[in-house]
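Enquirer: here are the coordinates; sequence isn't available:
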């Protein structure tokens, strides 16, 4: 074909030579070369007289194929914007094209990397509505739901995935659709429903070594969902399907959390300790340390909890861990250390809700030390900066109480009057 084009650049067969050259490059995977050949064909086709070749070629058919091939080529060379242009041209110029179902699917796929999510959804929706029996219809519906999930349109995503399960129950995407419904319910804080769909995914999924890891991940997701729904026994049952000796650090952590909720403290302790030995991932280490602190805190082992908190590297202490350490210090009557722990939360995690809570806790600790001015500052900061906080009324009350304890009765009366004015429905 190259020789034909070189020898006869003005010949009647020149345009068809370009077309055939493009087909060859496309078959060989030379997508850039294919695109160039087909573009030259489109330019030459305007002046081409196919009748000169005794009617052997249908110009419209060749044009239709060229637009399709150009879209394919640019999609393959990671130029989605150009692919979108040629796919749209094909649908506009040849609305009855046999390529339409595949073009709609590819058009939706090309829109995705461009961030044109709604246009992608529209293309996938057109495919499944106009060609519901096409081989790509179920995948188009899955991708539509996935895009809606990405756009945080969780109700729409659930409807799309539900439609897939009903319309295409044998689809290879059925298990993933159930998982995505579960994920949507997790995000919308409906863990009970999430658990149902994760378990449905386990029932519809394939078996064998290739899918074992996927099913294992789904089992963990189902266990976590049951945990969040306070069904700890069912969570433990699902996690038990993963051999204890073969559990990942994440799986060990959740084993510990679930055991803790079931009051199986020894098993929980072993699981959290296993996490600390098996990973260096900071988030998991933080959660495992917090789990061990929770165990001591739940059993009111204040001195041990405080010592453990002091031994944990500071960067691995979460706001919750600092609060527990401060509370443990309060319970061991080490009020100065309690204030120190609470102050660290404010310094390290100023945006945390607990940075607000500890203003009240630190105020009570300062009150215990009879450092009334310091206590008043904490209480005043809380109700002035966060008037809607659940401890705001208590802070106002104890502000008055610090004045009362210091025999400053006029200030105490004023503080209590402000409590009545600001928080008329308070129990205080």
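Expert: Everything's here; your move. Keep in mind that this is a model prediction, so the values were computed, not measured.
Enquirer: number of nearby residues for residue 118?
Expert: For residue 118, the neighbour count with other C-beta atoms under 10 Å is 11. For the C-beta atoms, the positions are set from N, CA and C on the backbone; glycine is no exception.
Enquirer: element containing the closest residue to residue 380 other than its chain neighbours, please.
Expert: Spatially, and ignoring its direct neighbours in sequence, residue 380 is nearest to residue 399 (6.4 Å; C-beta to C-beta, 6 or more residues apart in numbering). For residue 399, the host element (DSSP states H and E) is helix 392-405.
Enquirer: tell me the buried residues in that helix?
Expert: 392-404 (16 or more other C-beta atoms under 10 Å).
Enquirer: could you do stretch 83-100 as well?
Expert: With burial defined by 16+ other C-beta under 10 Å, the residues of stretch 83-100 counted as buried are 83-91, 94, 97, 99-100.
Enquirer: narrow those residues to those in helices?
Expert: The helices, defined by DSSP state H, take in 83-91, 100 from these.
Enquirer: ok, the residue nearest to residue 380 touching residue 415?
Expert: Yes - between residue 399 and residue 415 there is a contact under C-beta atoms under 8 Å: 4.9 Å.
Enquirer: for the buried residues of helix 392-405, give me CSV that also has distance to residue 293 and pLDDT.
Expert: Listed next are the buried residues of helix 392-405 as CSV, based on distance: C-beta to C-beta, whole Å; pLDDT from 0 to 100:
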residue, distance to residue 293, pLDDT
392, 28, 91
393, 29, 91
394, 25, 92
395, 26, 92
396, 31, 92
397, 30, 93
398, 27, 93
399, 31, 92
400, 34, 93
401, 30, 93
402, 30, 93
403, 36, 92
404, 35, 93
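Enquirer: for residue 56, state which of the residues you listed is nearest.
Expert: Lowest distance from residue 56 to the buried residues of helix 392-405 (C-beta to C-beta) belongs to residue 392, with 86.9 Å.
Enquirer: surely the closest one is in contact with residue 383?
Expert: Yes - Residue 392 is within contact range of residue 383, at 4.3 Å (criterion: C-beta under 8 Å).
Enquirer: show me where the stretch 1-150 of the chain has its helices.
Expert: All helices of the stretch 1-150 of the chain, identified by DSSP state H, counting those that start in this stretch, fall at 2-7, 14-28, 31-45, 59-76, 80-93, 100-111, 117-130, 137-150.
Enquirer: can you redo those as a markdown table with mean pLDDT?
Expert: Shown next, in a markdown table, are the helices of the stretch 1-150 of the chain (pLDDT from 0 to 100):
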| stretch | mean pLDDT |
| --- | --- |
| helix 2-7 | 70 |
| helix 14-28 | 88 |
| helix 31-45 | 91 |
| helix 59-76 | 93 |
| helix 80-93 | 96 |
| helix 100-111 | 96 |
| helix 117-130 | 95 |
| helix 137-150 | 96 |
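Enquirer: which one of those helices lies nearest to residue 336?
Expert: Closest of the helices of the stretch 1-150 of the chain to residue 336 is helix 137-150, at 49.8 Å (criterion: C-beta to C-beta).
Enquirer: the closest one: which residues count as buried?
Expert: Going by 16+ other C-beta under 10 Å, helix 137-150 has these buried residues: 137-149.
Enquirer: low pLDDT regions in the stretch 101-250 of the chain?
Expert: The stretch 101-250 of the chain contains residues with pLDDT under 70 at 205-210.
Enquirer: sec struct for residue 373, please.
Expert: helix (DSSP: H, G, I helix; E, B strand; the rest coil).
Enquirer: can you get me a residue count around it?
Expert: When neighbours are counted by other C-beta under 10 Å, residue 373 registers 9.
Enquirer: from residue 403, how far off is it?
Expert: According to C-beta to C-beta, to the nearest Å, residue 373 and residue 403 sit 11 Å apart.
Enquirer: show residues contacting stretch 225-239.
Expert: By C-beta atoms under 8 Å, 6 or more residues apart in numbering, the surrounding residues in contact with stretch 225-239 are 182, 185-186, 191-192, 194-195, 198-199, 219-220, 222-224, 251, 254-255, 257-259, 261-262.
Enquirer: sorry, slip of the keys, the one I care about is stretch 253-268.
Expert: The contact list for stretch 253-268 (C-beta under 8 Å, 6+ apart) reads 220, 223-224, 227, 232-233, 235-236, 239, 244, 247, 269-272, 275, 284, 287-288, 291, 294-295, 298-299.
Enquirer: I'd like the next helix or strand past the longest helix along the chain.
Expert: Longest helix of the chain, by residue count under DSSP H: helix 209-228. Next helix or strand after helix 209-228 toward the C-terminus (DSSP H and E): helix 232-239.
Enquirer: flag every buried residue along that next one.
Expert: 232, 234-236, 238-239.
Enquirer: same check, this time on stretch 24-40
Expert: In terms of neighbour count (16+ other C-beta under 10 Å), stretch 24-40 has its buried residues at 25-26, 30-31, 33-40.
Enquirer: coming back round to it: for the helix holding residue 399, packing partners?
Expert: When contacts are defined as 3 or more C-beta pairs under 8 Å, 6 or more residues apart in numbering; DSSP states H and E, helix 392-405 sits against helix 354-368, helix 372-385, helix 409-422.
Enquirer: most packed of those helices?
Expert: helix 354-368 (a mean of 22; mean count of other C-beta atoms under 10 Å).
Enquirer: list the helices and strands that one packs on?
Expert: With contacts taken as 3+ C-beta pairs under 8 Å, 6+ apart, helix 354-368 sits against helix 319-331, helix 335-348, helix 372-385, helix 392-405.
Enquirer: return the distance of the last one from the chain's centre.
Expert: Spelled out, it's helix 392-405. 43 Å (C-alpha atoms, centre = their mean, to the nearest Å).
Enquirer: other residues contacting that helix?
Expert: So helix 392-405 is in contact with 359-360, 363-364, 367, 370, 372, 375-376, 378-380, 382-383, 386, 389, 409, 411-416, 418-419, 422-423, 426-428, going by C-beta under 8 Å, 6+ apart.
Enquirer: how about the second one?
Expert: Helix 335-348 is touched from outside by 306, 309, 314, 317, 319, 322-323, 325-327, 329-330, 352, 354-355, 358-359, 361-362, 365-366, 368-369, with contacts defined as C-beta under 8 Å, 6+ apart.
Enquirer: tell me the buried residues in stretch 293-304?
Expert: Going by neighbour count (16+ other C-beta under 10 Å), the buried part of stretch 293-304 is 293-297, 302, 304.
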